[in-house]
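**Student:** predicted model follows, preceded by the sequence.
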Amino acid sequence: MGLIRRPRVTQRAMERAMLGVSLRDQIRNEEIRRRTRVTDIAQRVAKLKWQWAGHIARRTDGGWGLKVLQWRPRTVKRSVGRPPTRWTDDYR
């Protein structure tokens, strides 16, 4: 969630700059998004990620992309606590 927050904040700042609106005007983000008609950066990134995953899944040439997605490290012990998320965790 932290990785997606910074691009969203930056995108909102750019949209406010495009419209000439400051934070003091207290215009909601939904209203700014409606005026600019720009898609949310998080939705765009998620869509591109799914497109890439579909591209890799359809490949039949035995490339390394599909092998990397299915690879499970057997010798490395994971640290205590919540395990880090992987690309494939989004697709399950």
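**Tutor:** Arrived safely.

**Student:** next, the buried residues of the helix or strand hosting K49.
**Tutor:** Using DSSP states H and E, K49 falls within helix 41-58. Across helix 41-58, burial judged by 16 or more other Cβ atoms under 10 Å covers I41, A53. Bear in mind the C-beta positions are built from the backbone N, C-alpha and C, glycine included.

**Student:** any weak-confidence spans in this structure?
**Tutor:** Low-confidence segments of the chain (pLDDT under 70): 1, 63-79, 83-92.

**Student:** can I see the domain layout of it?
**Tutor:** For the chain, automatic domain parsing gives the domain ranges 1-38, 40-72+84-92.

**Student:** what about the helices in the chain?
**Tutor:** With DSSP state H as the criterion, the chain has helices at 2-19, 29-36, 41-58, 64-70.

**Student:** which one, of these, ends up nearest to V80?
**Tutor:** Each of these was checked against V80 via Cβ to Cβ, and the shortest separation belongs to helix 2-19, namely 20.5 Å.

**Student:** what angle do that closest one and helix 29-36 make?
**Tutor:** In this structure, helix 2-19 runs at an angle of 50 degrees to helix 29-36, with axes from the mean of the first three to the mean of the last three Cα atoms, to 10 degrees as the basis.

**Student:** which helices and strands sit right next to helix 2-19?
**Tutor:** Contacts defined by 3 or more Cβ pairs under 8 Å, 6 or more residues apart in numbering; DSSP states H and E place helix 2-19 against helix 29-36, helix 41-58.

**Student:** now what about the shortest one, what contacts it?
**Tutor:** The one in question is helix 29-36. Residues from elsewhere that reach helix 29-36, judged by Cβ atoms under 8 Å, 6 or more residues apart in numbering: R12, E15, R16, M18, L19, V21, D40.
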